[in-house]
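In: sequence plus predicted model, see below.
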Amino acid sequence: MLQAALIYLALLLAMSTITILVYWWDKRRAQTGGRRVPEKVLHLLAFGGGWPGAWWAQRRLRHKTQKVGFLTVFALLVVVHLAVVGALAYLLFAPAPAAAG
């Protein structure tokens, strides 16, 4: 169980790092008038485990903080991500029911 938790945390760290870089790139492109990263990509990164990095980048870079629709979808994706991870953890690590006897 500890090994699975460490793997999950490593995934969150890796995906968060990638997500922060993508948010930074999108913010930079917004400032310079370049081609932007689609919001769908930002949401997929968040759902794939980069949500802590996305949350940090939104606050630190002040990026995507005024778009209520974006933030609503982001919050729902975080909840769904955590629900999926919780359900998988339960299915994989919950003790087997005792046999009736």
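Out: Received, thanks. Here the structure is a predicted model, which is why all the values come from computation and not from measurement. Numbers count the residues shown, from 1 in each chain.

In: hmm, Leu71 is touching Trp55, no?
Out: No. In this structure, Leu71 is not within contact of Trp55 by Cβ atoms under 8 Å, at 10.2 Å. Using the backbone N, CA and C atoms, a C-beta is placed for each residue, glycine as well.

In: could I get the average pLDDT for the helix ranked longest in the chain?
Out: Taking DSSP state H as the criterion, the chain has its longest helix at helix 2-32. Rounded to a whole number, the mean pLDDT of helix 2-32 is 95.

In: show me what whichever helix or strand comes after that helix is in contact with.
Out: Following helix 2-32 in sequence order, the next helix or strand is helix 39-45 (DSSP states H and E). Residues outside helix 39-45 that contact it (Cβ atoms under 8 Å, 6 or more residues apart in numbering): Met15, Ile18, Thr19, Val22, Tyr23, Asp26, Ala54, Lys64, Phe70, Val73, Phe74, Leu77.

In: repeat for stretch 76-92
Out: Ala4, Tyr8, His43, Ala46, Phe47, Gly49, Trp51, Trp55.

In: which one of these has the most neighbours?
Out: Ala46 (26 neighbours; other Cβ atoms under 10 Å).

In: thought Trp56 was touching that one, still the case?
Out: No. Ala46 is beyond contact range of Trp56, at 11.3 Å (criterion: Cβ under 8 Å).

In: just flag the most distant two among the contacts of stretch 76-92.
Out: Spanning the widest gap among the contacts of stretch 76-92 are Ala4 and His43, at 25.5 Å by Cβ to Cβ.

In: returning to what we had before: mind giving me the packing neighbours of the longest helix of the chain?
Out: helix 39-45, helix 51-60, helix 68-93 (3 or more Cβ pairs under 8 Å, 6 or more residues apart in numbering; DSSP states H and E).

In: now render those as a markdown table, adding mean pLDDT and distance to Gln31.
Out: A markdown table is the format used below for the helices and strands packed on helix 2-32 (pLDDT from 0 to 100; distance: least, Cβ to Cβ, whole Å):
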| stretch | mean pLDDT | distance to Gln31 |
| --- | --- | --- |
| helix 39-45 | 97 | 16 |
| helix 51-60 | 96 | 15 |
| helix 68-93 | 95 | 18 |
